[in-house]
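A.B. asks: attaching a predicted model along with its sequence, questions to come.
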Amino acid sequence: GDAGGGSGGSSPFYVDSDGLQRQIDELASFSDSPVPSVTRVLYSDKDVQARRYIKGIMNQLGLSIREDAVGNIFGRWEGSEAGLGAVATGSHVDAIPFSGKYDGVVGVLGALEAISMLKRSGFQPKRSLEVIMFTSEEPTRFGISCLGSRLMAGSEELARSLKETVDNQNVSFFDAADSAGYKMHPEELHNVFLKKDDYFAFVELHIEQGPILEKEGIKIGVVTAIAAPASIKVEFEGNGGHAGAVLMPARNDAGLAAAELALAVEKHVLESGSIDTVGTVGILQLHPGAINSIPSKSHVEIDVRDIDEKRRNNVIEKVHQSAIEISKNRGVLLSEFKIINQDPPALSDKSVISAMEFAAKQLNLEYKLMISRAYHDSLFMARISPMGMIFIPCYKGYSHKPEEYASPEDMANGVKVLALAMARLSLQ
Ligand code: GLV
Ligand code: MN
Ligand code: MN
Ligand code: MN
């Protein structure tokens with residue numbers, strides 16, 4: 001196709017936009033929820049099908065494929081100086097419940113198209129080029145985000161906690177991995193860890209997931225930093241009882257404690273004094289979940305983020321204090337207050353930023369330096385490699401919902417910037 005923004009046709013440096021769109025639609029069909037939504041949870045059958053699909057494309061491109069113990073997938077195009085640190089790109093294809101087709105996917109299929117166009121153009125890499133499909137960027141199944149990249153970056157804490165981790169059906173992490181074809185001994189998690197000089201650079205292509213580029217009519221976002229995410233699990237326990245027979249003064253309602261905590265999260269976030277502080281209660285579960293039974297248990301999961309780590313930590317501390325107060329006032333037990341992750345922000349590296357800027361200028365694409373408010377595998381790759389991210393506009397900034405959309409033209413721009421930036425880094 002010639003939807004690649006005018007450089008198609010005679011030039012070999014074109015994006016096959018039709019092919020890329022076809023792949024995006026095909027991948028979206030591996031979903032556990034109806035079109036147009038996508039649901040693809042770690043180690044589910046659909047996730048396994050998506051993995052097979054990605055490896056199929058890597059194969060067609062002649063990349064050599066490696067899979068680590070947890071299923072991070074690496075497709076490598078060997079450079080002429082294969083001993084040097086490689087230049088890597090990639091993202092994820094797992095999708096949270098009832099989300100869209102583009103989050104993560106553009107950074108995997110788009111990266112493979114970037115490799116394809118570099119091959120078509122006759123480019124010879126010096127440093128090897130690699131596309132990574134990360135395992136479980138989303139926290140859906142086991143509650144921990146960026147599982148694959150967090151391990152690649154050497155998180156002993158995660159390697160330890162995975163030994164006790166189960167999903168909401170009580171399936172252990174290792175049984176789930178086994179069912180997807182990744183049978184491992186817990187100690188093998190350490191084989192996922194990478195070394196600091198394995199990569200010379202890591203660049204991730206992603207939809208913005210926010211409205212800025214579209215609103216300002218700018219084609220490319222060059223990410224300079226990724227905001228600091230945290231997540232917390234809270235559990236309250238009360239006596240429960242009959243919704244008709246237990247009179248109001250005699251109750252200790254675990255559900256109301258959860259509701260009050262959700263409102264406290266909003267209050268503490270709003271009091272931070274910055275528009276950059278955000279907090280969400282995306283999970284609130286009541287047990288036994290019957291209309292005529294007072295909730296005897298509640299389960300709340302809280303997501304708090306900020307570009308300023310100290311300010312975010314301050315919110316977490318206040319939320320903790322509120323949870324303690326609420327449990328006292330309501331006579332319920334605060335049986336768990338667990339910080340699942342409390343990650344620092346990450347900065348992009350100058351070397352990668354300048355390669356992205358060079359590429360955008362070369363392609364005559366207006367770009368903007370910006371921060372990423374969403375987290376990405378890049379947050380963890382930054383711990384072991386110089387990192388950068390390329391954003392493209394998406395419709396109204398929609399993401400994590402079925403209406404998510406990026407145009408073929410915008411994706412083609414992102415793919416071209418990625419290809420040129422990688423080519424440049426490869427020759428350094
Ligand atoms: C990841 O998808 C995030 O929530 O930023
Ligand atoms: Mn996401
Ligand atoms: Mn994503
Ligand atoms: Mn993300």
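C.D. replies: Perfect, thanks for sending it. It should be emphasised that the depicted structure is a prediction, and the values quoted were computed from it without experimental measurement. Ligands and ions are numbered 1, 2, ... in the order given.
A.B. asks: got the residues of the stretch 101-250 of the chain near ligand 3?
C.D. replies: D103, G104 (Cβ under 5 Å from the ion). C-betas here are computed from N, CA, C, even on glycine.
A.B. asks: one more time with 6 Å
C.D. replies: By the criterion of Cβ under 6 Å from the ion, the positions of the stretch 101-250 of the chain lying close to ligand 3 are D103, G104, E137, H206.
A.B. asks: identify the farthest-apart pair in the residues you listed.
C.D. replies: The largest separation in these, counting by Cβ to Cβ, is between E137 and H206 at 10.2 Å.
A.B. asks: who touches both of those two?
C.D. replies: By Cβ atoms under 8 Å, 6 or more residues apart in numbering, E137 and H206 have these common neighbours: S91, G104, H376.
A.B. asks: run a quick neighbour tally on the closest residue to the second one other than its chain neighbours.
C.D. replies: If I follow you right, that is G104. Once flanking residues are discounted, G104 sits nearest to H92: 3.9 Å by Cβ to Cβ, 6 or more residues apart in numbering. Residues near H92, counting by other Cβ atoms under 10 Å, number 28.
A.B. asks: quick one: contacts for H92?
C.D. replies: G104, G107, V108, M133, F134, T135, S136, E137, E138, G148, D377.
A.B. asks: can you flag the buried ones in the residues you listed?
C.D. replies: Among the contacts of H92, the ones that count as buried by 16 or more other Cβ atoms under 10 Å are G104, G107, V108, M133, F134, T135, S136, E137, E138, G148, D377.
A.B. asks: state the distance from the last one to Q428.
C.D. replies: This points to D377. 22 Å (Cβ to Cβ, to the nearest Å).
A.B. asks: what lies in contact with the lengthiest helix in the chain?
C.D. replies: The helix spanning the most residues in the chain, taking DSSP state H as the definition, is helix 309-330. Contacts to helix 309-330, defined as Cβ under 8 Å, 6+ apart, come from residues 228, 230, 232, 234, 236, 238, 252-253, 256-257, 260-261, 264-265, 268-269, 271-274, 276-277, 279, 302, 304-306, 332-334, 337, 339, 342, 344-345.
A.B. asks: for the residues you listed, which ChimeraX command selects only the ones that are buried?
C.D. replies: Here is the ChimeraX command that selects the buried residues among these (16+ other Cβ under 10 Å):
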select :228,230,232,234,236,238,252,253,256,257,260,261,264,265,268,269,272,277,279,302,304,305,306,332,333,334,337,345
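A.B. asks: next step: the contacts of helix 309-330 restricted to helices.
C.D. replies: Reading helices off the contacts of helix 309-330 with DSSP H, I get L256, A257, E260, L261, A264, V265, H268, V269.
A.B. asks: pLDDT value on A3, please?
C.D. replies: Per-residue pLDDT puts A3 at 41.
A.B. asks: that older thread, now do the longest helix of the chain: distance to the chain's middle.
C.D. replies: The chain centre lies 26 Å from the centre of helix 309-330; the measure is Cα atoms, centre = their mean, to the nearest Å.
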